[in-house]
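Participant: coordinates only, sequence not included:
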Ligand code: TXE
């Protein structure tokens, strides 16, 4: 069985016959069999059932994909097109994603276990990302400099970085890929995409969509497999000029270290431990409702999840009691369970890690208010589910507050003053996102200004737009995705100077006697 058989239904012929039912290695615009001939079964975390069988590539396959991207870049075809032309390919990609939304959403939901409707929202966001970058094509051709030197013309222009290695995680598989692929293509780069080995299906589909949108063969390449086997080739290879990685902190550090030997450009998005600050004067219902979505959306598998509730002491008891009541009512279920409000964790191994994190928090002195167990009966015991969990009585000295669980786990801290709230919120090695809830507009601005986090919401949580930069301070990573800076990551800046009246400068002519030098 092949879960990626859904691509067959579109009747296109970009597939080699012998590789027709086995996708994963996409090189020179064609699907190839992996050198070692191995495959991997992709299972839905909601019920463990097989949804796809894909190529399990090795380092030789990754090297072939890099070579393809290198040839496509050095050949000059794609980097030599105008940005407007490249923007057209992105706009067409957005249209095709919308045409094939059901196909993509189904694949994403089955790979991740997330609700189908959430996968549909993801596809909308992915199309919006391609449309944004397609839409800004040709709007910034660089700068002309007034040098002050007569007879000189000086321009600052942008050129593509080269071959990009794009490594993505399993929580928002194609969304994270689109934040890299769209700006990389607009800037004129070629790339090798390495999706998480757990969720490759939508990245596989994207290769065919990009070809259909008019992307030349060899510009987009895909290699499926594990991080150590194929991801590491992208960070190490001298033929890769840039590596952009989204994933865990430990892996990000490894990627940065191995990229250092070739001094390639590195962009990292490594998650966060994000404070959600609720003052006593906050709009209570909005703050309660959003505190739940902040942390329990996608069962907490969100880098910007509001996993740290900082609540003003005076409202702590009533606010947290109501939060617990609502958290216990959240219904878990699979992608097509219409009553489900959130889904499983990505794997049983990850669920066990989250459970151990909760147990360690209790051992550190936190009070477990709800959740904190692995379902052992009924349908939930078949998938890798974990219930919404709240730990009270926490403080920043605890690992439960400092470390990312990447699961549905909320820690609760209290504060009494604005200064204390800011101090606690910034007492983290991460710095991706945070929120402040208050009806005092001046305080909202003061706190938002003081937070050392890449995105700050005031009286809201989670919204983002492709026009605005996304990324973190501290160990949340470096560089930015989305927005204009998300495009700048994929451009080299070059200064071109022209002398329109060339003549000797006489710099090294022998000094003449009597003439002061
Ligand atoms: O991610 P990894 P994992 C966090 C979260 C989670 C933790 C570990 O806290 O519990 O990371 O998750 C590839 N060279 N986030 O282990 O390992 C890997 O194949 C090159 C936050 O699943 O970081 C996958 O494609 N690549 C996060 C990608 O890196 C390597 C989203 C991410 O996997 C590699 C997911 C190597 N040596 C997890 N080793 C976010 N920021 O949104 C692995 N990979």
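Facilitator: Okay, I see it. Keep in mind that this is a model prediction, so the values were computed, not measured.
Participant: so, low pLDDT: which residues of the stretch 151-300 of the chain?
Facilitator: Residue ranges of the stretch 151-300 of the chain with pLDDT under 70: none are present.
Participant: scratch that, the chain
Facilitator: Residue ranges of the chain with pLDDT under 70: 1-21, 514-517.
Participant: so which bits of it are right by the ligand?
Facilitator: Applying C-beta under 6 Å from any ligand atom, we find that the chain lies next to the ligand at 167-169, 171, 194, 196-197, 226-228, 231-232, 235, 246-248, 251, 254-255, 269-271, 303, 404, 406. Quick note: C-beta positions are derived from backbone N, CA and C, even for glycine.
Participant: those residues in strands, which ones?
Facilitator: 167, 194, 246, 269 (DSSP state E).
Participant: what's residue 158 sitting at in phi/psi?
Facilitator: phi -110, psi 140 (degrees, to the nearest 10).
Participant: beta partners of it?
Facilitator: Residue 158 has these beta-bridge partners by DSSP bridges: residue 493.
Participant: i'd like the first residue to be 59 from this point on
Facilitator: Right, with 59 as the first residue, what we last looked at is residue 216.
Participant: correct me if wrong: it contacts residue 196.
Facilitator: No. Using C-beta atoms under 8 Å, residue 216 is not in contact with residue 196, being 11.6 Å away.
Participant: quick one: distance of the lengthiest helix in the chain to the chain centre.
Facilitator: In the chain, taking DSSP state H as the definition, the longest helix is helix 174-193. With C-alpha atoms, centre = their mean, to the nearest Å as the basis, helix 174-193 stands 13 Å off its chain's centre.
Participant: and that helix, which residues are buried?
Facilitator: Across helix 174-193, burial judged by 16 or more other C-beta atoms under 10 Å covers 174, 176-178, 180-181, 183-193.
Participant: helices and strands around that helix, which ones?
Facilitator: Packing partners of helix 174-193 (3 or more C-beta pairs under 8 Å, 6 or more residues apart in numbering; DSSP states H and E): helix 141-157, helix 159-170, helix 231-244.
Participant: what packs against the longest one?
Facilitator: Taking 3+ C-beta pairs under 8 Å, 6+ apart as contact, the helices and strands that helix 141-157 lies on are helix 174-193, helix 231-244, helix 259-270.
Participant: in the second one, what counts as buried?
Facilitator: The reference is to helix 231-244. Neighbour-count burial for helix 231-244 [16+ other C-beta under 10 Å]: 231-244.
Participant: what about the residue nearest the centre of the chain, distance to residue 354?
Facilitator: By C-alpha atoms, centre = their mean, the mean C-alpha position of the chain lies nearest to residue 234, the distance being 3.5 Å. Using C-beta to C-beta, to the nearest Å, residue 234 is found at 20 Å from residue 354.
Participant: need the strands for the stretch 459-575 of the chain, in chain order.
Facilitator: Assigned by DSSP state E, counting those that start in this stretch, the strands in the stretch 459-575 of the chain fall at 467-473, 491-495, 513-516, 535-536, 549-557.
Participant: so which of those is the most surrounded?
Facilitator: Ranked by mean neighbour count, the strands of the stretch 459-575 of the chain are led by strand 491-495 with a mean of 29 (mean count of other C-beta atoms under 10 Å).
Participant: other SSEs contacting that one?
Facilitator: strand 333-336, helix 342-354, helix 499-508, strand 513-516.
Participant: just checking, what packs against the longest one?
Facilitator: It stands for helix 342-354. strand 333-336, helix 374-387, strand 467-473, strand 491-495.
Participant: same question for the third one.
Facilitator: Applying 3+ C-beta pairs under 8 Å, 6+ apart, one finds that helix 499-508 makes contact with helix 476-483, strand 491-495, strand 513-516.
Participant: ok and it relative to strand 491-495, angle-wise?
Facilitator: Angle, helix 499-508 to strand 491-495, by axes from the mean of the first three to the mean of the last three C-alpha atoms, to 10 degrees: 170 degrees.
Participant: residues in contact with helix 499-508?
Facilitator: The contact list for helix 499-508, computed with C-beta atoms under 8 Å, 6 or more residues apart in numbering, reads 335, 337, 476, 479, 480, 483, 484, 494, 496, 514, 516, 517.
Participant: from the middle of its chain, how far away would it be?
Facilitator: Helix 499-508 sits 28 Å away from the centroid of its parent chain (C-alpha atoms, centre = their mean).
Participant: over to the first one?
Facilitator: Averaging C-alpha positions (C-alpha atoms, centre = their mean) puts strand 333-336 23 Å from its chain's average.
Participant: so in that sheet, which strands flank that strand, and in what orientation?
Facilitator: Strand 333-336 is paired, per DSSP bridges, with strand 366-370 (parallel), strand 491-495 (parallel).
Participant: so what touches that strand?
Facilitator: 345, 348-349, 352-353, 364, 366-370, 373, 377, 473, 479, 482-483, 486, 492-495, 505, 509, 511, 519.
Participant: and those, which of them are buried?
Facilitator: Among the contacts of strand 333-336, those classed as buried by 16+ other C-beta under 10 Å are 345, 348-349, 352-353, 364, 366-370, 373, 377, 473, 479, 482-483, 486, 492-495, 505, 509, 511, 519.
Participant: what separates residue 380 from the ligand, distance-wise?
Facilitator: Computed with C-beta to the nearest ligand atom, to the nearest Å, the distance linking residue 380 and the ligand is 28 Å.
Participant: residue 186 now?
Facilitator: Taken as C-beta to the nearest ligand atom, the span from residue 186 to the ligand is 19 Å.
Participant: surely that residue meets residue 522?
Facilitator: No. In this structure, residue 186 is not within contact of residue 522 by C-beta under 8 Å, at 10.4 Å.
Participant: if the nearest residue to residue 345 once chain neighbours are set aside is in a bridge, with which residues?
Facilitator: Of all residues not flanking residue 345 in the chain, residue 495 sits nearest, at 4.3 Å (C-beta to C-beta, 6 or more residues apart in numbering). Note on residue 495: beta-bridge partners by DSSP bridges are residue 336.
Participant: return the residues in contact with residue 495.
Facilitator: So residue 495 contacts 334, 335, 336, 337, 340, 341, 344, 345, 348, 517 (C-beta under 8 Å, 6+ apart).
Participant: try 10 Å this time
Facilitator: Shown in contact with residue 495 (C-beta atoms under 10 Å, 6 or more residues apart in numbering): 334-342, 344-346, 348-349, 368-370, 502, 505, 515-519.
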